[in-house]
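# curious how this folds, go ahead:
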Amino acid sequence: MENVMSNKKQGIAGIVKGVLFALALTVIAVLVLAILYKFINMSDTVIKVANQIIKIASIALGVKIATKKDKSKGLLKGAIIGALYTVLSFFLFSILASSFSFTLGLLFDILFASVIGLIFGVIFVNAKK
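Now for the predicted structure:
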């Protein structure tokens with residue numbers, strides 16, 4: 001029983017670490033993108049693609065961190081990390097922009113991030129060292 005509780009705590013700690021790492025990586029990447037935007041004339045399309053790449057890379061690395069020590073339940077951990085990452089990044093960037101806008105697009109973003117997370121969860125749990 002004690003071992004099960006320890007595994008749950010380790011799993012939750014991994015998820016929290018993964019989400020926080022993904023958020024930190026996103027903030028840094030968005031700042032770099034903003035600096036580049038200041039000096040280079042980028043189209044809206046380039047910015048949208050760059051934002052998607054940042055999201056996917058952040059989720060992937062967050063899932064990798066979460067599944068590094070505990071190679072179980074990658075599907076579940078990945079989906080949770082993707083969803084939590086999206087919700088928390090929405091709130092973080094909404095606070096920074098002083099604008100909250102709940103739309104259907106946010107639900108699609110959460111679904112997209114969950115799918116990306118679960119895919120990477122399966123990959124990282126089953127990857128050989």
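
# drop to CA atoms for contacts and neighbour counts, all remaining ones
Fine.

# and stretch 60-78, which residues are buried?
Of the residues in stretch 60-78, 60-67, 71-72, 74-78 count as buried by neighbour count, 16 or more other C-alpha atoms under 10 Å.

# per-residue confidence at the nearest residue to residue 72 once chain neighbours are set aside?
In space, and not counting its chain neighbours, residue 72 is closest to residue 125: 6.4 Å by C-alpha to C-alpha, 6 or more residues apart in numbering. pLDDT, residue 125: 91.

# hang on, residue 125 packs against residue 66?
No. Contact criterion C-alpha atoms under 8 Å: residue 125 and residue 66 do not qualify, at 9.9 Å.

# what residues of the helix-or-strand element of the chain with minimal mean pLDDT count as buried?
Using mean pLDDT, DSSP states H and E, the weakest-scoring helix or strand in the chain turns out to be helix 2-39, at a mean of 86. Buried residues in helix 2-39, counted by 16+ other C-alpha under 10 Å: 11, 14-23, 25-27, 29-30, 33.

# next, the angle from the host helix or strand of residue 47 to helix 2-39.
Assigned by DSSP states H and E, residue 47 belongs to helix 44-66. Angle of helix 44-66 versus helix 2-39, following axes from the mean of the first three to the mean of the last three C-alpha atoms, to 10 degrees, is 160 degrees.

# contact partners of helix 44-66?
If you take C-alpha atoms under 8 Å, 6 or more residues apart in numbering as the criterion, helix 44-66 is touched by 11, 13-23, 25-26, 29-30, 77-78, 81-82, 85, 113, 116-117, 120-121, 124.

# right, and the helix or strand after that helix?
Sequence-wise, the next helix or strand downstream of helix 44-66 (DSSP H and E) is helix 74-97.

# what is whichever helix or strand comes after that following helix packed up against?
Using DSSP H and E, the next helix or strand after helix 74-97 towards the C-terminus is helix 104-126. If you count contacts as 3 or more C-alpha pairs under 8 Å, 6 or more residues apart in numbering; DSSP states H and E, helix 104-126 packs onto helix 44-66, helix 74-97.

# ok and helix 104-126 relative to helix 74-97, angle-wise?
Using the same axes, to 10 degrees: helix 104-126 against helix 74-97 is 140 degrees.

# what are the buried residues along helix 104-126?
Residues of helix 104-126 classed as buried: 109-125 (neighbour count, 16+ other C-alpha under 10 Å).
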